[in-house]
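J.: sequence first, then the predicted structure:
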Amino acid sequence: MSDVTVIMSVHSEPLSFVKSSILSLQRQTLCDFQAIVILDDPCNKDAHNYLESIADVDNRFLYRENKKNMGLAASLNRALSLCSTPFIARMDADDIAHPDRLYRQLIFLQDNENIAILGTGIETIDRISRSVGYRELPKRPDLLSKLVSFKAVCFHPTWMVRREVYCKLNGYRDFSRGQDLDFLLRATKAGFLVSNLSDHLLRYRIYEDRLDAKAMRYRLTNHMRIVSGQDRALNARGHGFLFPYYIFLKGRRSANRVSKFFLFGLSALFSNVILKYLLGLAYARVLTKVYSDAP
């Protein structure tokens, strides 16, 4: 019997990305796994035909289609309801898994029974799969439990989670954004430990050019509401002028360190949301440094 099930939701990702993602799972060195793929766009006939054909020829894949668009959280919860393995791995439909990803994470979790959620480092890639860079997150569970209120502590598409965690927390809450942050906050509050492998076991596709000022306002507003526990306000679209978020985005995309800090500071002058977010990141950086220097 398989020990790992991969859950994936497909919506409007280009078919070429979906094919690359599925192929990377088929090439895993851990051959004995299951994958549950939910199509969250019944109008996406190309994806439907492809995923149905994969399920027909590879019995490790189970394909289901939502009758209407339900959103990421509901689609993942539907996949979770079909899982029976002790470990559940997340994967996005436009990312590419390293061949050893599932094997390395499974072995680690089997050897470290105190860890409930395990992420990995990522290699970021662009639209045509060119490498953009590499990112890792801290490993220490005690540090991550303190950082989770301020920044991402585990890249969502790299998660491997013990099934009992999903069961105890009743899966994802139905937020339009930030489901992973909310889940990690609830998991750490419930006493579950999070860790990361430093190895880059996922090629993570980025779309920085898709993020405009309105989307950034929406993202940061919901981030701050999640960490402050304002559940009923989570899906709000944000408020206030767009100008500071435009400046913030310019800072994110700047390669010049001085220019980046100047633009971040300028944007924070006009937005309390941005100011609180940046102060949280600064605190997280100091905390990480303190823990890194600790014996």
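T.: Received, thanks.
J.: quick one: residues contacting Thr29.
T.: Shown in contact with Thr29 (Cβ atoms under 8 Å, 6 or more residues apart in numbering): 99-100, 102-103. Every C-beta, even on glycine, is put in place using the N, C-alpha and C of the backbone.
J.: need the pLDDT of it.
T.: pLDDT recorded at Thr29 is 97.
J.: what about it, helix or strand, and which?
T.: Using DSSP states H and E, Thr29 sits in no helix or strand.
J.: cool, and Leu25?
T.: For Leu25, the host element (DSSP H and E) is helix 15-26.
J.: now do Tyr246
T.: Taking DSSP H and E as the criterion, Tyr246 maps to helix 243-253.
J.: who's in contact with Arg140?
T.: By Cβ under 8 Å, 6+ apart, Arg140 lies in contact with 195, 291.
J.: from Asn196, how far out is it?
T.: For Arg140, the distance to Asn196 equals 9 Å [Cβ to Cβ, to the nearest Å].
J.: centroid-nearest residue for the protein?
T.: The centroid of the chain falls nearest to His156 when counting by Cα atoms, centre = their mean (2.2 Å).
J.: now that one: phi and psi?
T.: Dihedral angles of His156 (phi, psi; degrees, to the nearest 10) stand at phi -50, psi -50.
J.: excluding sequence neighbours, find me the nearest residue to it.
T.: Distances taken as Cβ to Cβ, 6 or more residues apart in numbering put Asp180 closest to His156, at 3.8 Å, once the chain neighbours are dropped.
J.: Phe155 versus that neighbour, what's the distance?
T.: Asp180 is 9 Å from Phe155, by Cβ to Cβ.
J.: which parts of the protein are helices?
T.: Assigned by DSSP state H, the helices in the chain fall at 15-26, 45-57, 72-81, 101-111, 141-147, 163-169, 179-189, 213-227, 243-253, 257-270, 272-293.
J.: can you say which of these is nearest to Asp92?
T.: Asp92 lies closest, by Cβ to Cβ, to one member of these: helix 15-26, at 7.2 Å.
J.: elements contacting that closest one?
T.: strand 4-10, helix 45-57, strand 96-97 (3 or more Cβ pairs under 8 Å, 6 or more residues apart in numbering; DSSP states H and E).
J.: which of these sits closest to Tyr166?
T.: Taking Cβ to Cβ, strand 4-10 is the member of the helices and strands packed on helix 15-26 nearest to Tyr166, at 9.5 Å.
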